[in-house]
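Asker: quick one, fold the following:
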Amino acid sequence: MTILAPQEYELLEDAAYGAGMEFQSYSGRGMYGTTCIGVTGDIAQLIRMVLLVAEVAPDLAQKLAEVSTDNMGLDYIYYWTSIQGTEH
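Answerer: Residues are numbered from 1 along each chain as shown. Predicted coordinates:
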C-alpha cells in the first residue's frame with residue numbers, strides 16, 4: 001500500500017473538493033477494515049479531479065489509474081486500494 005506524503009494527500013483532498021467531490025477514507029469490499037482514500041461523486045467529477053491533480057503532479061495522477069468503484073445509491077464512491085486512507 002502506498003503511503004502519500006502530506007503534500008500529496010492535501011493535493012488529492014483539494015482536487016476532490018475543487019471537483020465538487022467528497023474526500024474520505026474508505027474500506028471497500030474485501031479490505032477487512034483496512035482503509036484507503038476515496039471520493040464520492042460522479043464520473044465527470046472524477047475526471048475533473050484527476051485532471052486537476054495531473055496539472056500539478058503527473059506522477060500522482062498516474063497512481064489514480066487503478067480505481068475501484070462501489071454504487072452508493074445516487075452517487076458512486078471511487079477508491080484506490082493501493083493508497084492508504086489515514087489522514088496525515
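
Asker: check the secondary structure at the residue nearest the centre of the chain for me.
Answerer: The centroid of the chain falls nearest to Gly38 when counting by C-alpha atoms, centre = their mean (4.1 Å). Following DSSP: H, G, I helix; E, B strand; the rest coil, we place Gly38 in the strand state.

Asker: host element of Tyr78?
Answerer: strand 75-84 (DSSP states H and E).

Asker: please identify the buried residues of that strand?
Answerer: Neighbour-count burial for strand 75-84, counted by 16 or more other C-beta atoms under 10 Å, picks out Tyr76, Ile77, Tyr78, Tyr79, Trp80, Thr81, Ile83, Gln84. Using the backbone N, CA and C atoms, a C-beta is placed for each residue, glycine as well.

Asker: from the chain's centroid, how far away is it?
Answerer: 5 Å (C-alpha atoms, centre = their mean, to the nearest Å).

Asker: which residues of the protein score low on pLDDT?
Answerer: For the chain, the stretches with pLDDT under 70 are 85-88.

Asker: let's see it at 90
Answerer: 1-5, 27-35, 72-75, 82-88 (pLDDT under 90).

Asker: so where do the strands sit in this protein?
Answerer: 22-26, 36-41, 68-72, 75-84 (DSSP state E).

Asker: helices or strands up against the longest one?
Answerer: Spelled out, it's strand 75-84. strand 36-41, helix 58-63, strand 68-72 (3 or more C-beta pairs under 8 Å, 6 or more residues apart in numbering; DSSP states H and E).

Asker: which one of those lies nearest to Gln7?
Answerer: helix 58-63 (9.7 Å; C-beta to C-beta).

Asker: identify each buried residue in the closest one, please.
Answerer: Buried-residue list, helix 58-63, by 16+ other C-beta under 10 Å: Leu60, Ala61, Lys63.
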